[in-house]
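> predicted structure and sequence below. I'll ask about it afterward.
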Amino acid sequence: GDSVVQTEGQVLPSEGDSLIVNCSYETTQYPSLFWYVQYPGEGPQLHLKAMKANDKGRNKGFEAMYRKETTSFHLEKDSVQESDSAVYFCAFPRGGSGNTGKLIFGQGTTLQVKP
Amino acid sequence: DTAVSQTPKYLVTQMGNDKSIKCEQNLGHDTMYWYKQDSKKFLKIMFSYNNKELIINETVPNRFSPKSPDKAHLNLHINSLELGDSAVYFCASRDRGYNSPLHFGNGTRLTVT
């Protein structure tokens, strides 16, 4: 079935460290891929997206490459900042007839950047 | 100019009570959702409405009843609250199109004592 698996639990880099949060997806469709970010006390918001294979989504220094051959969409950043601390979700839409589709979310990865 | 707004932000109540959460979106989207986020941050879809019609119901107990008076509003009523209902509930909306992203509200933290 459709699913997303991402880096589990918490990631605790120091400010200035590089970051990779893994995301692997499983589906028979060919969806767009998303990363959502959730800051404390807020709802998730779209962070970046890639519409098709080999597209790269970018936002605020983060990047993610749509790799269809490995069914992955890893989130990367060269140098994290304390303000990047949040929960990150990898997701893709599962289509349905009309507009009956829904987003399939990974379990979330908490990024806590140490000053 | 809030896009998706839900009220209340916090809700503390006792077991057995009935409560409602309201949601409104001013984005002109046809589709609205309710999600439940547990203490481990996992997001689980509960319901989806498209233009006031229920299109997704993810095996949620029938104590939960969504109501959509018009396509800009989707409310959630919960009967006979249980301890396990404690969570953060998010309303969201989405434009037409398979690849359209979700727009979330800021959540309602429900605590059942």
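Cool, the structure landed.
> what's the closest non-adjacent residue to A:Lys68?
A:Ala53 (3.8 Å; Cβ to Cβ, 6 or more residues apart in numbering or on different chains). The way it works is simple: take the backbone N, C-alpha and C, and place the C-beta from them, glycine included.
> hang on, B:Gly84 in a helix?
Yes: B:Gly84 forms part of a helix when assessed by DSSP: H, G, I helix; E, B strand; the rest coil.
> and the gap between it and chain A?
Computed as Cβ to the nearest Cβ, to the nearest Å, the B:Gly84 to chain A distance reads 19 Å.
> OK, contacts around that residue?
B:Val112 (Cβ atoms under 8 Å, 6 or more residues apart in numbering or on different chains).
> ok, A:Tyr25 next?
A:Tyr25 neighbours (Cβ under 8 Å, 6+ apart): A:3-5, A:33, A:71-73, A:90, A:92, A:104.
> please redo it, this time with the cut-off set to 6 Å
By Cβ atoms under 6 Å, 6 or more residues apart in numbering or on different chains, the contact set of A:Tyr25 is A:4, A:71, A:92.
> just the closest of the residues you listed to B:Asp85, please.
For the contacts of A:Tyr25, the minimum distance to B:Asp85 (Cβ to Cβ) is 25.5 Å, reached by A:Val4.
> all strands of chain A, in order?
Assigned by DSSP state E, chain A shows strands spanning A:3-6, A:10-11, A:19-21, A:23-26, A:33-38, A:45-50, A:56-59, A:62-65, A:75-77, A:86-94, A:102-105, A:109-111.
> can you put those strands in a markdown table and add mean pLDDT?
Putting the strands of chain A into a markdown table (pLDDT from 0 to 100) gives the following:
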| stretch | mean pLDDT |
| --- | --- |
| strand A:3-6 | 95 |
| strand A:10-11 | 96 |
| strand A:19-21 | 97 |
| strand A:23-26 | 96 |
| strand A:33-38 | 97 |
| strand A:45-50 | 96 |
| strand A:56-59 | 98 |
| strand A:62-65 | 98 |
| strand A:75-77 | 98 |
| strand A:86-94 | 94 |
| strand A:102-105 | 89 |
| strand A:109-111 | 97 |
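> before we move on, the earlier item: need the phi and psi values for the residue nearest to A:Lys68.
Backbone torsions of A:Ala53, given as degrees, to the nearest 10, read phi -50, psi 140.
> all strands of chain B, in order?
Assigned by DSSP E, chain B shows strands spanning B:4-7, B:10-13, B:19-25, B:31-37, B:43-50, B:53-57, B:64-70, B:73-78, B:87-94, B:102-104, B:108-112.
> for those strands, give me JSON lines that also has distance to chain A.
JSON lines is the format used below for the strands of chain B (distance: least, Cβ to the nearest Cβ, whole Å):
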{"stretch": "strand B:4-7", "distance to chain A": "8"}
{"stretch": "strand B:10-13", "distance to chain A": "11"}
{"stretch": "strand B:19-25", "distance to chain A": "11"}
{"stretch": "strand B:31-37", "distance to chain A": "5"}
{"stretch": "strand B:43-50", "distance to chain A": "5"}
{"stretch": "strand B:53-57", "distance to chain A": "5"}
{"stretch": "strand B:64-70", "distance to chain A": "14"}
{"stretch": "strand B:73-78", "distance to chain A": "14"}
{"stretch": "strand B:87-94", "distance to chain A": "5"}
{"stretch": "strand B:102-104", "distance to chain A": "3"}
{"stretch": "strand B:108-112", "distance to chain A": "9"}
